[in-house]
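Sequence and predicted model, in that order:
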Amino acid sequence: MRVADKVRSPCVSICALDDDDICVGCHRSGDEITRWGRLNNEERLEVLRNVAEREKKALIHG
């Protein structure tokens, strides 16, 4: 797979984990961040779905 075909990281260069081990910048868990480079596109898309849910919750409860 070409690099251009890979799902890109949601990193926004604001790297800080909150008390729940979720990055305040990209909303990925510490584990998701660590594993990102080894994930295939399908797994990356699943992480991005989780990120979207976390972002929604942050907006509602933030």
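Yep, it's here. Numbers count the residues shown, from 1 in each chain.

Now the most centrally placed residue in the chain, what are its backbone angles?
Residue closest to the average C-alpha location in the chain (CA atoms, centre = their mean): Arg28, at 3.3 Å. Dihedral pair for Arg28: phi -90, psi 150, per degrees, to the nearest 10.

Roughly how far does it sit from Thr34?
In this view, Arg28 and Thr34 are 9 Å apart by CB to CB, to the nearest Å. Just so you know, the C-beta spots here come from the backbone N, C-alpha and C atoms, and that holds for glycine as well.

circling back: what residues are up against the residue nearest to the centre of the chain?
By CB atoms under 8 Å, 6 or more residues apart in numbering, the contact set of Arg28 is 10, 22, 36, 47, 50-51.

what does Ser29 give?
21-23, 50.

And those residues, which is closest to Asp5?
Asn50 (21.6 Å; CB to CB).

would that closest one count as being in a strand?
No. Under DSSP: H, G, I helix; E, B strand; the rest coil, Asn50 falls outside any strand and is assigned helix.

ok, and the closest non-adjacent residue to it?
Glu32 (7.3 Å; CB to CB, 6 or more residues apart in numbering).
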